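J.: quick one, structure for this:
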Amino acid sequence: MNPMESRLVKANVLGTVVFCAAMAVATPLKAHTAAQVMAIVVSVVLFAVGVFTTLQAYVSALDRSRVHEIGVANLYLLTGTTAPPTVKRTMMWALGVQVIVSLVAASFGVSGLEENDLNALAFAVLVPMYGIGMNGAWAARYGSFGPRLAPTPKPSKRRIE
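T.: From the prediction side, this is the model:
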């Protein structure tokens with residue numbers, strides 16, 4: 001694995017660890033304002049990074065799709081032979097942990113709420129977008145895709161009337 005590939009994998013794992021730590025602190029302290037703010041900030045920042053990397057991966061994949069056959073599942077879920085087994089396993093484990101922790105945190109956040117209380121832990125359900133974006137960023141840069149099956153037709157010079 002080259003250093004750039006390693007950085008994206010490490011960033012995904014680091015983001016997942018930060019998220020898990022924030023939820024581990026915020027869940028038992030869900031009634032405290034500081035814990036609510038921390039849960040919201042961590043969740044929204046990871047979500048924003050995920051949205052950015054998802055869009056960036058999509059643009060890169062569009063460019064690569066001229067010569068490679070790229071599917072959405074290959075790009076964002078690393079299906080098939082898109083990634084080496086170690087990269088795929090690490091990235092998918094990180095995404096899986098993000099999904100599970102976000103659902104557990106949001107579920108615990110609901111328990112014991114009064115009518116006008118804020119469930120700040122519900123923001124956690126945004127975080128798996130981070131894992132999807134990191135998968136996409138890795139696949140768009142380093143993923144292995146087969147050759148394009150159907151060549152792109154050349155644009156015609158006919159006028160549409």
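J.: who does the worst-scoring helix or strand of the chain on mean pLDDT pair up with?
T.: Every helix and strand of the chain was ranked by mean pLDDT, DSSP states H and E. The lowest is strand 146-147, at a mean of 86. The pairing partners recorded for strand 146-147 under DSSP bridges are strand 68-69 (antiparallel).
J.: immediately after the strand it pairs with, which helix or strand?
T.: helix 72-77 (DSSP states H and E).
J.: and that next one, what does it pack onto?
T.: Other helices and strands packing on helix 72-77, by 3 or more C-beta pairs under 8 Å, 6 or more residues apart in numbering; DSSP states H and E, are helix 33-64, helix 128-142. C-betas here are computed from N, CA, C, even on glycine.
J.: what's the mean pLDDT across it?
T.: Helix 72-77 shows a mean pLDDT of 92.
J.: what packs against the helix or strand following that helix?
T.: Later in the chain than helix 72-77, the nearest helix or strand by DSSP H and E is helix 85-110. With contacts defined as 3+ C-beta pairs under 8 Å, 6+ apart, helix 85-110 has these neighbours: helix 3-26, helix 128-142.
J.: now what about the shortest one, what contacts it?
T.: This points to helix 128-142. Residues outside helix 128-142 that contact it (C-beta atoms under 8 Å, 6 or more residues apart in numbering): 2, 4-5, 8-9, 11-12, 15-16, 19, 46-47, 49-54, 56-58, 60-61, 64, 74-78, 82-83, 87, 91-92, 94-95, 98-99, 102.
J.: which among those residues count as buried?
T.: Among those, those buried by neighbour count (16 or more other C-beta atoms under 10 Å) are 8-9, 11-12, 15-16, 19, 46-47, 49-50, 53-54, 57-58, 60-61, 64, 74-78, 82-83, 87, 91-92, 94-95, 98, 102.
J.: give me the below-cutoff pLDDT ranges for this protein.
T.: For the chain, the stretches with pLDDT under 70 are 1-5, 150-155, 161.
J.: next, count neighbours for the closest residue to residue 110 other than its chain neighbours.
T.: Nearest residue to residue 110, sequence neighbours excluded (C-beta to C-beta, 6 or more residues apart in numbering): residue 119, at 5.8 Å. For residue 119, the count of nearby residues is 18 (other C-beta atoms under 10 Å).
J.: hmm, residue 119 is touching residue 106, no?
T.: Yes: contact criterion C-beta atoms under 8 Å: residue 119 and residue 106 qualify, at 7.2 Å.
J.: most packed of the helices and strands packed on helix 85-110?
T.: helix 128-142 (a mean of 24; mean count of other C-beta atoms under 10 Å).
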